[in-house]
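> fold the following, please.
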Amino acid sequence: MPTKPHKKNNQSNAEMSIILACLGNYESISTTVAALQQQTIVEKLELLIVALKDSGLKSQHPDFSKFYKVAIVAVDKIESVARANAAGIRKASAPVVVLAEDHAFPHRSWAQGLIEAHKQDYAAIGPTIQNANPKTAVSWADFFIGYGPWADPIPAGEHEFLPGHNSSYKRDVLLEYDDNLEDILEAETLLHWELREKGHKLYLEPKAKISHTNFSLLSSWIPAQFLCGRVFAGSRRLTMSKFLRLVYFCGAPLIPFVRFSRILKQFRRVKNNTAPPLSCLPVLFFGLTLDGFGQMLGYAFGTGNAKEKLGHFEFHRTKHISKIDREYISKQNLKQLTGDKIKVGIIGCGRAAGKLHLPALQKMQTVEVISLADVDEKQLNSVADDFGIDERYTDYQKLLQKSQVDVVAVLAPVQFHVPIAIAALDAGKHVFLEKPLALTLEDADKLINHASKSEKKIVIGFNLRKHRLIEQARKMVQDGKLGEIEAIRSSWTSAIRYQQDIPDWRNNSQLGGGALFEIGVHHFDLWRYLLDSEVAQIQAYSKKENGINTTVSLSGKMANGLPVSGFFSEQTSNANEIEILGRKGRLRISIYEFDGLSFDPIMSVPGGMGPRLLKLKEFLLQLPTGIKIAKQGGDFLLTYKNEWEHFVEAIQNDGDVHAHLDDGRKALEIVLSARESVENGESVKLL
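Numbering: from 1, shown residues only. Presented below is the predicted three-dimensional model:
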């Protein structure tokens, strides 16, 4: 396993040594090593794996060719992480050493961020921390107790102390501790305080991020919290007078209250960017109480054998997390696990960008919007300022030239969809394309043909496919809950034409304005999606204003013979509803209501006392879900987040997208056929 140093770019020495303790086989550290191999400057890194002499690690042969050097530091025993780290530090050759863990996964720019920061006069530099297993209250409680002061996001700056087991140091500073190095590393907070007393400075670097796996099994978390408290206080006790030990022993019961008030501020800061549940707060206080009790014993009697017991919990973290967390982590690929975000550039800064997509994207941990483009510089700057985005272009081609951009969202008016999408694919970008696909079938076919030659993903933005109630309704239809389907009817009405500053294209039917292009296209797609059939014939009637089809009524027939009807208007109050009629009953979907999915069995009578009481019961049962959804903006707005999450997952895992270009073409064909029917007064056949 050990490798010889190799030189790149005339490099003669490693710039940073990574110390990674391993109590077991290579598999136990493989995910951390994989994250290290993805570092942007991996060729400048020395990896020192501290392992037991009889571990058999040397007989395993993973590929370490990317690193400057890899070596095993063999030790007789590993009593604690601190003692293993000390052994690695003494063998390191780089001027900077950083401590790593088998359950903490550095993001790609982690090493580069640390090395750049160490060019300044700092003795220690720490990373910001993210929660790698955020599915349980216990995990979040452990995260805030252990890493709350450095929870991402947080600005760069000097700090009083840094994350334990995950910070970097000037190697010479640590070697000054000589034989006391093991003891000072047992409680790194004490080391940091001592460094500051000596005049050294500590720095937190947000460019260096780590995703940390936290305890989530109560059976492991409870003793670990107690042991952490005892090790900290027992180590601190060594430098205290008897009187001071007594003071801290007596004051230990106050520790949970003092620390809880501090963590609440950190909780609110993180809550604005991620989603730690409120349920973690009582668990968190309980953990702080355990820590306080451990500190009380530590100040009174020292560490005892707490160091050795704590070492048991620091390795093989998957043994100490819940089944939910294990399943969550197993589904994450390395890019997701290390928080290496998909970089998004948005072209078009109108209402769709500012009111729908950007709010959704900023709630996602897996993406980062880094660039905006729009020909209207005033609108561009307004949206960019609102969302804190620095990169702005009035020429979208310049955005496409940015190598950092992974995905381009085409949110420009529909007349520009095809040329921008083709240019984005040619630039090697994945493409999110808002509906409708194009203005003509010829343009749609041009894009479809071009995309078929690209390896990049492209999705059409039919967000209602990812609506919670639509997905439930589709499953009910597929499972036969409605019996044989008889018909479908839908209605979408909007007050959008009463809004101020309507863009010019909305007032031009040839540029995609009007009820058919703007809202009808969504329901045409849902007819196909819910019924698994194509529209075969359509007839439409409209009420026009200034040449625009502002209100449209239509009827049609699906390829399977089912009748369909729709009503769409942009000049009345807001509603968005679909009814599916089956031989076993009627299914109603109201897209704007959290309890908008209701089923009326075949013999039920609307308005009867029984059905009313049943609906009241269902409302009360769904109310907690409704409150939770309302806090996130409601089901409709969540569809934008849902479709982006699905698209990002498809990119990361090479999966399928939720709506293909062919889906967009077929919906467009229905729109154009309906418009043709309005103009000539006759029905139009599509099949």
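
> CA atoms for contacts and neighbours, from now on please.
OK.

> low-scoring stretches of the chain, by residue?
Along the chain, the parts satisfying pLDDT under 70 run over 1-12, 58-61, 271-275, 331-340.

> most centrally placed residue in it?
In the chain, the residue lying closest to the centroid (C-alpha atoms, centre = their mean) is Gln365, at 2.7 Å.

> let's verify it: helix, strand, or coil?
Put simply, Gln365 is coil when judged by DSSP: H, G, I helix; E, B strand; the rest coil.

> so it sits against Val270, correct?
No - Gln365 lies out of contact with Val270 (C-alpha atoms under 8 Å); the separation is 11.8 Å.

> list of residues touching the strand or helix carrying Gln295?
Secondary structure assigned from DSSP states H and E places Gln295 in helix 280-301. For helix 280-301, contacts defined as C-alpha atoms under 8 Å, 6 or more residues apart in numbering pick out 136-138, 140-142, 144-145, 222, 225-237, 245-246, 248-250, 252-257, 259-260.

> any of those buried? List them.
Neighbour-count burial (16 or more other C-alpha atoms under 10 Å) applied to the contacts of helix 280-301 gives 136-138, 140-142, 144-145, 222, 225-237, 245, 248-249, 252-253, 255-256, 260.

> please point out which parts of the host helix or strand of Ala82 sit buried.
Taking DSSP H and E as the criterion, Ala82 maps to helix 81-91. Under the neighbour-count criterion of 16+ other C-alpha under 10 Å, helix 81-91 has Val81, Ala82, Arg83, Ala84, Asn85, Ala86, Ala87, Gly88, Ile89 buried.

> how near is Leu687 to Asp504?
34 Å (C-alpha to C-alpha, to the nearest Å).

> swap in Gly24?
66 Å.

> more neighbours: those two, which one.
For Gly24 and Asp504, the more surrounded residue by other C-alpha atoms under 10 Å is Gly24, and the numbers stand at 16 against 10.

> quick check, that one in contact with Ser55.
Yes - taking contacts as C-alpha under 8 Å, Gly24 lies within contact range of Ser55: 6.4 Å.

> may I have the helix holding Gln295 as PDB, with CA atoms only?
Provided in PDB are the C-alpha atoms of helix 280-301 (Å, rounded to 0.1, in the frame of the first residue of the first chain):
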ATOM      1  CA  CYS A 280     -34.100  17.900  17.900                       C
ATOM      2  CA  LEU A 281     -34.200  20.700  20.500                       C
ATOM      3  CA  PRO A 282     -35.400  18.600  23.500                       C
ATOM      4  CA  VAL A 283     -33.000  15.800  22.400                       C
ATOM      5  CA  LEU A 284     -30.300  18.400  22.200                       C
ATOM      6  CA  PHE A 285     -30.900  19.700  25.800                       C
ATOM      7  CA  PHE A 286     -30.900  16.100  27.000                       C
ATOM      8  CA  GLY A 287     -27.500  15.600  25.400                       C
ATOM      9  CA  LEU A 288     -26.100  18.700  27.000                       C
ATOM     10  CA  THR A 289     -27.300  17.500  30.300                       C
ATOM     11  CA  LEU A 290     -25.400  14.200  29.800                       C
ATOM     12  CA  ASP A 291     -22.300  16.200  28.800                       C
ATOM     13  CA  GLY A 292     -22.700  18.400  31.900                       C
ATOM     14  CA  PHE A 293     -22.900  15.300  34.100                       C
ATOM     15  CA  GLY A 294     -19.800  14.000  32.400                       C
ATOM     16  CA  GLN A 295     -18.000  17.300  33.000                       C
ATOM     17  CA  MET A 296     -19.000  17.200  36.700                       C
ATOM     18  CA  LEU A 297     -17.400  13.800  37.200                       C
ATOM     19  CA  GLY A 298     -14.400  14.900  35.100                       C
ATOM     20  CA  TYR A 299     -13.700  17.900  37.200                       C
ATOM     21  CA  ALA A 300     -14.100  15.800  40.400                       C
ATOM     22  CA  PHE A 301     -12.200  12.600  39.500                       C
END
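
> report the backbone C-alpha coordinates of the next helix-or-strand element following it in CSV.
Downstream of helix 280-301, the next assigned helix or strand under DSSP H and E is helix 306-314. Output of helix 306-314 as CSV, limited to C-alpha atoms (Å, rounded to 0.1, in the frame of the first residue of the first chain):
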residue,chain,number,x,y,z
ALA,A,306,-13.3,7.6,29.5
LYS,A,307,-10.7,8.1,26.7
GLU,A,308,-10.5,4.5,25.9
LYS,A,309,-14.3,4.0,26.0
LEU,A,310,-14.8,7.1,23.8
GLY,A,311,-12.3,5.7,21.3
HIS,A,312,-14.7,2.8,20.8
PHE,A,313,-17.4,5.1,19.5
GLU,A,314,-15.1,7.2,17.2
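
> what's the first helix or strand after helix 306-314?
Following helix 306-314 in sequence, per DSSP H and E, is helix 323-331.

> for that next one, buried residues please.
In helix 323-331, counting by 16+ other C-alpha under 10 Å, buried: Asp325, Arg326, Ile329.

> which strand residues bridge the closest residue to Glu158 other than its chain neighbours?
The spatial neighbour of Glu158 that comes closest, neighbours along the chain excluded (C-alpha to C-alpha, 6 or more residues apart in numbering), is Tyr203 at 4.3 Å. Judged by DSSP bridges, the bridge partners of Tyr203 are Ile125, Glu158.

> show residues contacting stretch 393-401.
By C-alpha under 8 Å, 6+ apart, the list of residues contacting stretch 393-401 from outside reads 345, 347, 371-377, 380, 405, 408, 423-424, 427, 429.

> and that stretch, which residues are buried?
Buried, per 16+ other C-alpha under 10 Å, within stretch 393-401: Tyr393, Thr394, Tyr396, Leu399, Leu400.

> from the residues you listed, which two are the most distant?
Thr394 and Leu400 (12.0 Å; C-alpha to C-alpha).

> if we can go back for a sec, nearest to Thr189, of the buried residues of stretch 393-401?
Leu399 (44.3 Å).

> what's downstream of the strand or helix carrying Leu380, the next helix or strand?
Secondary structure assignment for Leu380, by DSSP H and E: helix 377-387. As assigned by DSSP H and E, the chain's next helix or strand after helix 377-387 is strand 391-393.

> and the next element down the chain from that following strand?
Once strand 391-393 ends, the next helix or strand along the chain (criterion: DSSP H and E) is helix 396-400.

> and that following helix, how far out from the chain middle?
25 Å (C-alpha atoms, centre = their mean, to the nearest Å).

> packing partners of whichever helix or strand comes after it?
Per DSSP H and E, the first helix or strand lying C-terminal to helix 396-400 is strand 407-410. Under the contact criterion of 3 or more C-alpha pairs under 8 Å, 6 or more residues apart in numbering; DSSP states H and E, strand 407-410 touches strand 342-347, helix 417-426, strand 430-434.

> send the alpha carbons of the shortest one over as PDB?
What follows is the C-alpha trace of strand 430-434 in PDB, where atoms were taken according to Å, rounded to 0.1, in the frame of the first residue of the first chain:
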ATOM      1  CA  HIS A 430     -27.100  19.900 -18.800                       C
ATOM      2  CA  VAL A 431     -30.300  21.800 -19.600                       C
ATOM      3  CA  PHE A 432     -33.500  22.600 -17.700                       C
ATOM      4  CA  LEU A 433     -36.000  24.000 -20.200                       C
ATOM      5  CA  GLU A 434     -39.100  25.700 -19.100                       C
END
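
> packing partners for the very next helix or strand once past it?
Per DSSP H and E, the first helix or strand lying C-terminal to strand 430-434 is helix 441-451. On a contact count with 3+ C-alpha pairs under 8 Å, 6+ apart, helix 441-451 meets helix 417-426, helix 661-680.

> can you put these in a markdown table and add distance to Phe315?
Formatted as a markdown table, the helices and strands packed on helix 441-451 follow (distance: least, C-alpha to C-alpha, whole Å):
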| stretch | distance to Phe315 |
| --- | --- |
| helix 417-426 | 45 |
| helix 661-680 | 48 |
